[in-house]
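A.B. asks: Okay, sequence plus prediction incoming.
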Amino acid sequence: MTRWILIFLLQPALVIAAQDPGSGLEKAKALFKDLKYEKAVEVVESVLRSSDTRPGDLVAAYKIKGLCLSARGKEEEAIESFRRLLAIRPEYNLQADVSPKLAASFYRAKAMSANQAPLDVQHVPPDYLGTGGTNLQVLVKSNPFHLIRKVRIKWWVDGGDPMIMTEGYASNHAVSFKLPDGLQVKVCYRIEALNEFGGVLHVLGVPKPLCLSPVPKVEQGSDKKPEVHESALNKTESDVKTTTPPGGTHSTARFDPDAQDAAKNAKLSEQGKDFDTKHEQDESNWYKSWWFWTAVGVVVAGAAATTTVLLVSGDETSDY
């Protein structure tokens, strides 16, 4: 009999604890408007203990709780409630129609939270799904008031049901999740930071989820191996030089023995042609050379001397 009486007395509290966050918040708002602050706080506490809450639900619950505590003169508790709200949503502001008396605690909390980092959860997705399973690393960069107690990943493939993995969180370490091996299709996921009751404080992958695809398959090429010149196998760094083509853009040219031999032969051939042409020109212009005119001078001088001797001899004979 006593057991049934206890169940009957506790039934309202059990109903409040099990109610939907949305309906609980609506009830708490109505109680706040009716100035039933203590009762409104009880309903809000049931929402904060729910595992079905989302970040927006928690923000609304901390706001109502803070205003109710402020109205009851519990300023320090009100400030703490507002600071938890601001940890989740640091840009939040009260509506202009809130009583200045009730809003004072909020603005004090906002000033105190100016240098406080809000909740910060970081994750860098890998490029592709791994063939031996994919590790997903999640780092809780900032966790004021130790609000985050767990990290959860919900992942799915197209047309499949969501799969859930949850890991506990302790300060100053990353949380790691491993997706199953052999996933050959696109996988999408979301990361959720949870409070001690399982409510969602922060989400990565909203509204657009994070997605991973398998490693692209590389097409198989021809089995024929490319031909490699023997000298190319022995090239060194000194065989690579930088050239500057017209226009000023630098490009890299590699050493080619065949091309170099051909260039040398062409150069020698040109030099040989130049030598033959010059030699022919020299032979065809022999009358312009110094030795020719020297010989001519000697012949002329000899002829003049001979003529003079003959003339002198002739004169001497005629006198006698």
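C.D. replies: Received it, and whenever you're ready, just let me know what you need.

A.B. asks: how long is stretch 127-143 end to end?
C.D. replies: One end of stretch 127-143 to the other measures 28 Å (CA to CA, to the nearest Å).

A.B. asks: what does it contact?
C.D. replies: 117-126, 148, 151, 153, 169, 171, 174-181, 183-184, 187, 189, 191, 193, 212-216 (CB atoms under 8 Å, 6 or more residues apart in numbering). Every C-beta, even on glycine, is put in place using the N, C-alpha and C of the backbone.

A.B. asks: Out of those residues, name the ones that lie in strands.
C.D. replies: 120-122, 151, 153, 175-179, 187, 189, 191, 193, 212 (DSSP state E).

A.B. asks: Helices along the chain, start to end?
C.D. replies: In the chain, the segments counted as helices under DSSP state H are 2-18, 21-33, 37-48, 55-71, 75-88, 100-112, 230-233, 257-284, 290-319.

A.B. asks: Which member of the ones in strands among the contacts of stretch 127-143 is positioned nearest residue 108?
C.D. replies: Closest approach to residue 108 among these (CB to CB): residue 120, at 23.5 Å.

A.B. asks: which residues does that closest one contact?
C.D. replies: Residue 120 neighbours (CB under 8 Å, 6+ apart): 140, 141, 142.

A.B. asks: before we move on, the earlier item: now the weakest link among the helices of the chain, please, by mean pLDDT.
C.D. replies: Note on the helices of the chain: lowest mean pLDDT is at helix 230-233, with a mean of 40.

A.B. asks: My guess is residue 69 contacts residue 77. True?
C.D. replies: Yes - look at residue 69 against residue 77 with CB atoms under 8 Å: they come within range, at 4.7 Å.

A.B. asks: out of those two, which sits in the busier spot?
C.D. replies: residue 69 (24 against 17; other CB atoms under 10 Å).

A.B. asks: Once you drop chain neighbours, what's closest to that one?
C.D. replies: Of all residues not flanking residue 69 in the chain, residue 78 sits nearest, at 3.9 Å (CB to CB, 6 or more residues apart in numbering).

A.B. asks: My guess is the one you found contacts residue 64. True?
C.D. replies: No - because the distance of 11.0 Å does not satisfy CB under 8 Å, residue 78 is recorded as not touching residue 64.

A.B. asks: which one of the two has more residues nearby?
C.D. replies: Taking neighbours as other CB under 10 Å, residue 78 and residue 64 compare with residue 78 leading, 24 against 21.

A.B. asks: which ones are touching that one?
C.D. replies: Residue 78 neighbours (CB under 8 Å, 6+ apart): 65, 66, 67, 69, 70, 105, 106, 109.

A.B. asks: what is the rounded mean pLDDT of stretch 195-210?
C.D. replies: Stretch 195-210 comes out at a mean pLDDT of 96.

A.B. asks: can you pull the buried residues of that stretch?
C.D. replies: For stretch 195-210, a neighbour-count test (16 or more other CB atoms under 10 Å) marks 195, 198, 199, 200, 201, 202, 203, 204, 205, 210 as buried.

A.B. asks: Could you list the alpha-carbon positions for it in CSV?
C.D. replies: In CSV, the C-alpha atoms belonging to stretch 195-210 read as follows (Å, rounded to 0.1, in the frame of the first residue of the first chain):
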residue,chain,number,x,y,z
ASN,A,195,26.0,17.1,-22.1
GLU,A,196,25.9,14.8,-19.1
PHE,A,197,22.3,13.9,-19.9
GLY,A,198,22.8,13.2,-23.6
GLY,A,199,21.4,16.5,-24.8
VAL,A,200,23.1,18.0,-27.9
LEU,A,201,25.1,21.1,-27.2
HIS,A,202,27.0,21.6,-30.5
VAL,A,203,26.7,20.0,-34.0
LEU,A,204,29.1,19.8,-36.9
GLY,A,205,27.6,19.0,-40.3
VAL,A,206,24.4,21.1,-40.2
PRO,A,207,22.6,21.9,-42.4
LYS,A,208,24.9,20.1,-44.9
PRO,A,209,26.3,16.9,-43.6
LEU,A,210,30.0,16.0,-43.9
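
A.B. asks: what residues does that stretch touch?
C.D. replies: Taking CB under 8 Å, 6+ apart as the rule, stretch 195-210 contacts 48-55, 57-58, 88, 119, 121, 123, 125, 147-150, 188-194.

A.B. asks: what's the answer for stretch 168-179, then?
C.D. replies: With CB under 8 Å, 6+ apart, stretch 168-179 has contacts from 129-130, 133-140, 143, 146, 148-151, 153, 155, 165, 167, 187, 193.

A.B. asks: I'm done for today, thanks for sticking with me.
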